[in-house]
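Q: show me the folded form of this:
(2 chains, ligands or ions: 1)
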Amino acid sequence: MILVVQWGGKALSQATAELLGGARQLAGDGAVAVVVLGPDAREAAAEAGAYGARAYAAGGDLEAYGGEAYVATLAAACESLKPQVVLMPADPRGREVAPRLAARLGGAAVTDVIEARRDGDRIVWSRPVFGGKAIADVVLRRSPQVATVRPGSFPAAERAGSSSVEVEALTVTGTDRPLRRVEVRPAAEGGVRLEEARIVVSGGRGLGGPEAFKDLEELARLLGGAVGASLAAVDEGWAPPERQVGQTGKIIAPDLYIAIGISGASQHLAGIAGAKTVVAINKDPEAPIFEVARLGVPMEYQKVLPHLIEEVRKLKAS
Amino acid sequence: MGWNVVVLLKPILDPELPARKFRVAADGRRPERGDAPVVINPFDQNALELALQLKDKGAAATVTAISAGGAEATDGLRKALALKADRAVRVELDGLDLPDAATTARVLAAAVRKVGDVDLVLAGRQAGDWDQGQVGYLLAEELGWPCAALVQQMEPAGDGLRLVREAPAGREVLEARPPLVVTVTNDDSNVLRLPKVRDVMMANRKPIDQWTVADLGLDAAALADEAASEVLALRIPERKTECEMIEGDDPAAVAATLVRRLRELKVL
Ligand SMILES: Cc1cc2nc3c(=O)[nH]c(=O)nc-3n(C[C@H](O)[C@H](O)[C@H](O)COP(=O)(O)OP(=O)(O)OC[C@H]3O[C@@H](n4cnc5c(N)ncnc54)[C@H](O)[C@@H]3O)c2cc1C
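A: Residues are numbered from 1 along each chain as shown, chains lettered A, B, ... in the order given. Model prediction:
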C-alpha cells in the first residue's frame, strides 16, 4: 500500500492530487490510501473516494506541538496500515516529519523528490542536490520508504465523479511532548503576496544596503508586483525572511522576475525555475544569473534603476 | 549552572561554487572535489551563532562543536574555537563517506552521548551539499528527544527556552525544555559573528579532540552495510543560455530599451 499524507485543509489539495498521481504510478495494482491530519480532516478525506483511494483522518489541532503530534500520529497509523511507501509534500512540515517517521518505523526517508520510477522491485527516487547543480538517483534500502515530493513532480490524479468513501478515524498522539506553540506571528504582508505575484522584483547582496530595497518596493508597486530577496540580503537584514526566494525560501513562478544585484547561485535559481521571463541587472557580465535571464543589463544598478522606475512610471501613466 | 550545548558543523564543498564549475567524479556518484574550498555549511554557522548567543546570555555553560569528516573538518572547528566555543571534536569517519543521513545521525548521536550530559543539540536545517535536511531530525530520534524545526531565534525562559521559528505564513513562538534538538534556519539575527584576530591565533593552540567511529563503540564496516540509502548516480541537468544583453553608456537609454523589449515580448 502507498499512503499519501495531507496536512490540514477542508478539501483535498492540488498537492495531494499530484501525490495520488505519483502513488498510482508507483503502486501498480497495490492499494492507495490518503490520510489527512488536522481540524477539518474528515471533510477533506471524504473526497479521497473520488480518486479511488481509501481515506483516514486524524482531527484536532496538531499544529500546536511542533512536529511531534504529526510524527507520533502518523507512526501509529503506519503501524496498523503497514504501507510500503509514504508520500508527503516537500514543504517545511514534510521535511520535518518524513525522516522522523521513517526512523520510528525502521524505514528510510528521501527528501525533495522531483521524479520517481519503478525499477523492478525497487523505486529509484531522483532529487536535486548541491543546490540544484546536480540530480541524484537514490534508492532506499529499508522499508517503509518515506518520501517528500516537490510540487509539480507528478501529473495530478483525475477525480472520477463525486464518490466519497467511509473515512476511518485515527487517534492523535504525541501531544504530551514538552514542545508547545504559544504564539503565531503572521508576516506583515504589505501589498501583493510573493507567491501570488505575477511580477516579482528581487534584490540581493549587490544592492549594498537596505535603502535600495525602497526603490525596489517602488518599482514593484508601479508594476503591481511584490518584492523578493536573496538569502544574502535576508542575512544582511535588508529584507525579512518571508521574502527569501530560493531553495530554502519561497518557490515562485511569476510571469516576470527582475533580479537586481543577485549573482544567481543555483540555490537562488531553484526558487525561480518556473518564472516565465527573467530580467537581470548585475554589474558582473559573467554572473550566473545571466544564464537564466531572457534580458540582461550588465551595469551597476544605481545607474539604471532610477531610469527604469521612471520609464515604468511613464508607461503606467500613458 | 547552564546548559551544555552541542552544535554540529558539517564541512561541505563551497556552495557558492558556480554551477558551470560543478563536475561529477569518475565514479559517477559524487562531486569532484577539484580546487573548490571546503566551508562550514552555512546553516550550521547560523546554529553556531545561536549557541554562542545562549552563552552570551548565560544560559549555556558550555558549547561543544562536533564535526564529522576528514582533516578538512579542522578549519571549521578552529573557527568555532576562535569564536569561544569551549570544545571541538572531530569524528574521523574511517572511510564512511557515503552521504547516508541515517548512518551520519547514528555516528553523531554516539558522539553526543560520549560528550555526555548534553542538554541541547543545534544543527543546521540542511547541508548545502546533499541537501537532504535529515540529520537533525534523525539525531532527535536516535536520542529520543523532541525536536524543534526551522528555528531562527532562541531565548532562555524560566527553566526552558522560547524559540522563534519559521512558520507557513510568518513566524511562530514555541516553548520547550531541554533535552531538545533544534534545527536552525537563517535569519538576520543569527548571522555568524567574526572572530577577533587574537582569538584566531589562540584557537590555533587549542586542542581538537579526535575520535574514531570505533571510539564511539560503532563499527564502520557494519554501519556502511546498514546504510539506509544509496546514491546510484549523479547527473548534471541541462542548462540553456540565450540572454539578450542590453548594453550602452547611457543608462537612461538602456532603461528605455529594457522597457521597450519587455513590451515587445508582451511581458509588460
Ligand atoms: C543549503 C543552502 C540553501 C540556500 N538557499 C538559498 C535560497 O533559498 N535563496 C537564496 O537566494 N540563496 C540561498 N542560498 C545561498 C546562495 O548559495 C547564495 O549565497 C546567495 O543566493 C547569494 O546571494 P546574492 O546573489 O544576493 O549575493 P552574492 O552572491 O554576493 O551576489 C551579489 C551580486 O551582486 C552583483 N553586484 C554587486 N554590486 C552591484 C551593483 N552595484 N550593481 C549591480 N550588481 C551588483 C555582484 O556582481 C554579484 O553577482 C543557499 C545556500 C545553501 C548552502
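
Q: got the residues of chain B near the ligand?
A: B:15-16, B:42, B:126, B:128 (CB under 6 Å from any ligand atom). For the C-beta atoms, the positions are set from N, CA and C on the backbone; glycine is no exception.

Q: dump the residue contacts of residue A:248.
A: For residue A:248, the contacting residues are A:231, A:267, B:43, B:125-126, B:185-186, by CB atoms under 8 Å, 6 or more residues apart in numbering or on different chains.

Q: hang on, the earlier thing: taking the residues of chain B next to the ligand, tell me the two that lie furthest apart.
A: With distances taken as CB to CB, the most widely separated pair in these is B:16 and B:126, at 16.1 Å.

Q: more neighbours: which of these two?
A: residue B:126 (25 against 16; other CB atoms under 10 Å in any protein chain shown).

Q: what's the burial count for the closest residue to residue A:209 other than its chain neighbours?
A: Leaving aside its sequence neighbours, residue A:209 sits nearest to residue A:238 (CB to CB, 6 or more residues apart in numbering or on different chains; 6.9 Å). Residue A:238 has 23 neighbouring residues, counting by other CB under 10 Å.

Q: wait, a helix at residue A:97?
A: Yes: counting by DSSP: H, G, I helix; E, B strand; the rest coil, residue A:97 falls inside a helix.

Q: tally of neighbours for it?
A: Neighbours of residue A:97 (other CB under 10 Å): 28.

Q: contacting residues for it?
A: Residue A:97 neighbours (CB under 8 Å, 6+ apart): A:5, A:67, A:70-71, A:74, A:88.

Q: kindly state the pLDDT recorded for it?
A: Looking at residue A:97, its pLDDT is 98.

Q: which parts of the strand or helix carrying residue B:200 are buried?
A: Element membership for residue B:200 (DSSP states H and E) is helix B:197-203. By neighbour count on 16 or more other CB atoms under 10 Å in any protein chain shown, the buried set for helix B:197-203 is residue B:203.

Q: ditto for stretch B:21-31
A: Quick answer for stretch B:21-31 (16+ other CB under 10 Å): B:22-24, B:29-31.

Q: what are the contacting residues of it?
A: A:130, A:133-134, B:13, B:32-34, B:36, B:99, B:129, B:231-236.

Q: what do you get for stretch A:163-170?
A: A:35, A:42, A:45-50, A:53-59, A:73, A:76-77.

Q: repeat that with 7 Å
A: A:35, A:42, A:45-50, A:54-58, A:73, A:77 (CB atoms under 7 Å, 6 or more residues apart in numbering or on different chains).

Q: do the same with stretch A:114-128
A: With CB under 7 Å, 6+ apart as the criterion, stretch A:114-128 contacts A:22, A:26, A:110-113, A:135-139, A:145, A:147, A:150, A:153, A:270, B:131, B:232.

Q: now do stretch B:125-138
A: Against stretch B:125-138 from outside (CB under 7 Å, 6+ apart): A:95-96, A:99-100, A:103, A:109, A:111-112, A:128-131, A:248, B:10, B:12-13, B:15, B:41-43, B:99, B:101-102, B:104-105, B:108, B:123, B:147, B:150, B:181, B:183-185.

Q: can you give me the end-to-end distance of that stretch?
A: Stretch B:125-138 has an end-to-end distance of 12 Å (criterion: CA to CA, to the nearest Å).

Q: return the set of buried residues in the helix or strand where residue B:46 lies.
A: Taking DSSP H and E as the definition, one finds residue B:46 inside helix B:42-56. Of all the residues in helix B:42-56, those buried under the rule 16+ other CB under 10 Å are B:42-55.

Q: give the rounded mean pLDDT of the helix or strand that contains residue A:296.
A: Taking DSSP H and E as the definition, residue A:296 sits inside strand A:295-297. In this model, strand A:295-297 carries a mean pLDDT of 98.

Q: who does it touch, helix- and strand-wise?
A: Applying 3 or more CB pairs under 7 Å, 6 or more residues apart in numbering or on different chains; DSSP states H and E, we find strand A:295-297 packed against strand A:277-281, strand B:244-245, helix B:251-264.

Q: switch the ones you listed over to JSON lines; also include mean pLDDT and mean neighbour count.
A: Below are the helices and strands packed on strand A:295-297 laid out as JSON lines (pLDDT from 0 to 100; neighbours: other CB atoms under 10 Å in any protein chain shown):
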{"stretch": "strand A:277-281", "mean pLDDT": "98", "mean neighbour count": "24"}
{"stretch": "strand B:244-245", "mean pLDDT": "98", "mean neighbour count": "13"}
{"stretch": "helix B:251-264", "mean pLDDT": "98", "mean neighbour count": "17"}
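
Q: any chance of those in CSV, plus distance to residue A:293?
A: Shown next, in CSV, are the helices and strands packed on strand A:295-297 (distance: least, CB to CB, whole Å):
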stretch, distance to residue A:293
strand A:277-281, 4
strand B:244-245, 8
helix B:251-264, 11
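
Q: which among the ones you listed is found nearest to residue A:311?
A: Here helix B:251-264 is closest among the helices and strands packed on strand A:295-297 (CB to CB), at 4.3 Å.

Q: identify the residues contacting that closest one?
A: A:295, A:297, A:299, A:303-304, A:307-308, A:311-312, A:315, B:246, B:248, B:268.

Q: stretch A:140-154 and the ligand in contact?
A: No: contact of stretch A:140-154 with the ligand (CB under 6 Å from any ligand atom) is absent, the minimum separation being 13.8 Å.

Q: output that stretch as CSV, nothing but the C-alphas.
A: Coordinates of each C-alpha in stretch A:140-154 appear next as CSV, following Å, rounded to 0.1, in the frame of the first residue of the first chain:
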residue,chain,number,x,y,z
LEU,A,140,16.4,3.3,-0.2
ARG,A,141,17.4,0.1,1.4
ARG,A,142,14.8,0.0,4.2
SER,A,143,11.0,-0.1,4.3
PRO,A,144,8.7,1.7,4.6
GLN,A,145,10.2,4.4,2.2
VAL,A,146,9.0,7.8,3.2
ALA,A,147,9.4,10.5,0.5
THR,A,148,8.8,14.2,0.4
VAL,A,149,7.8,15.3,-3.1
ARG,A,150,8.1,18.7,-4.6
PRO,A,151,5.1,20.3,-6.2
GLY,A,152,4.7,19.7,-9.9
SER,A,153,6.6,16.4,-9.9
PHE,A,154,3.7,14.2,-10.8
